[in-house]
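Novice: can you look at this prediction? I've put the sequence above it.
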Amino acid sequence: MDIFLKVVLLIFAVGLIAVVLLQKGKSAGLSGAISGGAEHLFGKTKARGMELVLQRVTVGLAAGFFIMSIVVAIVID
């Protein structure tokens, strides 16, 4: 059981890394971080198509990774 949970955690970690690397960068450099960062956060630009799919997969994998990390930490101790 211990090894199985670690393998599932590893799959979540590798999947999360892959999905994050597939996403397009949204920053505009240092000037965008200082002045225009709120536009990206609160702006009305919606993700469409593949960007939306990657966003949702990222959220799912991140939640799964977080939960599996806690489960593995509890089971090992």
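Specialist: Yes, it's here. Numbering: from 1, shown residues only.
Novice: list the buried residues for the longest helix along the chain?
Specialist: If you go by DSSP state H, the chain has its longest helix at helix 50-76. Buried residues in helix 50-76, counted by 16 or more other C-beta atoms under 10 Å: L54, V57, T58, L61, G64, F65, M68. In short, each C-beta sits where N, CA and C put it, glycine included.
Novice: mind showing which ranges of the protein have poor pLDDT?
Specialist: 26-47 (pLDDT under 70).
Novice: middle-most residue in it, spatially?
Specialist: Residue closest to the mean C-alpha point of the chain, counted by C-alpha atoms, centre = their mean, is T58 at 3.8 Å.
Novice: grab the nearest non-local neighbour of that one.
Specialist: Once flanking residues are discounted, T58 sits nearest to V19: 5.0 Å by C-beta to C-beta, 6 or more residues apart in numbering.
Novice: K6 versus V71, what's the distance?
Specialist: 10 Å (C-beta to C-beta, to the nearest Å).
Novice: helices or strands next to the longest helix of the chain in the packing?
Specialist: With contacts taken as 3 or more C-beta pairs under 8 Å, 6 or more residues apart in numbering; DSSP states H and E, helix 50-76 sits against helix 2-22.
Novice: can you give the contact residues for the helix it packs on?
Specialist: 54, 57-58, 61-62, 64-65, 68-69, 71-72, 75-76 (C-beta atoms under 8 Å, 6 or more residues apart in numbering).
Novice: can you dump the C-alpha atoms of stretch 5-15 in PDB for me?
Specialist: Output of stretch 5-15 as PDB, limited to C-alpha atoms (Å, rounded to 0.1, in the frame of the first residue of the first chain):
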ATOM      1  CA  LEU A   5       0.500   5.600  -2.800                       C
ATOM      2  CA  LYS A   6       4.100   6.800  -3.500                       C
ATOM      3  CA  VAL A   7       3.700   5.800  -7.200                       C
ATOM      4  CA  VAL A   8       0.400   7.600  -7.500                       C
ATOM      5  CA  LEU A   9       2.000  10.700  -5.900                       C
ATOM      6  CA  LEU A  10       4.800  10.500  -8.400                       C
ATOM      7  CA  ILE A  11       2.300  10.300 -11.300                       C
ATOM      8  CA  PHE A  12       0.500  13.400 -10.000                       C
ATOM      9  CA  ALA A  13       3.800  15.200  -9.600                       C
ATOM     10  CA  VAL A  14       5.100  14.400 -13.100                       C
ATOM     11  CA  GLY A  15       1.600  15.100 -14.600                       C
END
